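*Asks:* pasting the sequence and the predicted model now:
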Amino acid sequence: MPLELGKSLDRSYTLRLPFLNGFYKIGVYFHKNSNFLLFRADPEFPTSMNSHGLKINMFKNLETSKFCETCLQLHNYRSDNLDISNQFDRIKDDYYNEVIFVLNEAITLSKYKVDDKEYFSQVMFYGLTLSAYETEYLFLIAERQHILSKLKRKFVRTTAIQLATSRSLKIIDDYYTDYKLSLLGRTNQPILDTTKIIKLGDTSDE
């Protein structure tokens, strides 16, 4: 059954990405004048293919994703003319060899000039996977950069879709557990007792 876009969505972009021994066609639907965005994922696999426990999830809030919380650095910022929420910044240093890029593209919808500066209404795409399970995991981030020209304000919002087999989800859970334990270890660091510090200039006897 085709996806009914309605009035809230009037643009689409399709990506065809390898997954397992086939492909997934991922449709991205959005509006030229808003931040609203949706995904649709359609498989292109041999009929005899085992699904490997495939699960598909969409995240309107990237902070709720274990993968994002563990492996990615997100950027938030707010000022009078800029409002950024959960923008993809970078792969965290601890996971630089575990997470790899498979996609980095952009669509420019329009250009605005505000106070002699040029701003672009865009959709950015970042595709990430796990080096251990390249064909079994895909995390696709769509970053919508939208300009409200009347208010001279730029909004940046992100949405993501995750395609994962049960094996790749297991390693995400393992990474997440290890990450949480490392945070716990940092908070449990022994506190230095300053009363036991001997000052070199202190000549008093006790």
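*Replies:* Arrived safely, thanks for sending.
*Asks:* ok, residue 126 - how many residues close by?
*Replies:* When neighbours are counted by other Cβ atoms under 10 Å, residue 126 registers 19. In this view, the C-beta of every residue, glycine as well, is placed from N, C-alpha and C.
*Asks:* which residue is the nearest non-sequential neighbour of it?
*Replies:* residue 141 (4.4 Å; Cβ to Cβ, 6 or more residues apart in numbering).
*Asks:* and the pLDDT at residue 10?
*Replies:* pLDDT, residue 10: 80.
*Asks:* quick one: neighbours of it, just the number.
*Replies:* Neighbours of residue 10 (other Cβ under 10 Å): 13.
*Asks:* surely it touches residue 31?
*Replies:* Yes. If you go by Cβ atoms under 8 Å, residue 10 and residue 31 touch, sitting 5.5 Å apart.
*Asks:* coming back round to it: the residue nearest to residue 126: neighbouring residues, count only.
*Replies:* Here the number of neighbours of residue 141 (other Cβ under 10 Å) works out to 24.
*Asks:* ok, residue 11 - contacts?
*Replies:* When the contact criterion is Cβ atoms under 8 Å, 6 or more residues apart in numbering, the partners of residue 11 are 29, 30, 31, 32, 109.
*Asks:* could I have the buried ones of those residues as PyMOL selection syntax?
*Replies:* Command for PyMOL, covering only those of the contacts of residue 11 found buried under the criterion 16 or more other Cβ atoms under 10 Å:
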select buried, resi 29+30+31+109
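*Asks:* so can I have a markdown table of the contacts of residue 11 showing secondary structure and pLDDT?
*Replies:* Formatted as a markdown table, those follow (DSSP: H, G, I helix; E, B strand; the rest coil; pLDDT from 0 to 100):
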| residue | secondary structure | pLDDT |
| --- | --- | --- |
| 29 | strand | 93 |
| 30 | strand | 90 |
| 31 | coil | 85 |
| 32 | coil | 82 |
| 109 | strand | 88 |
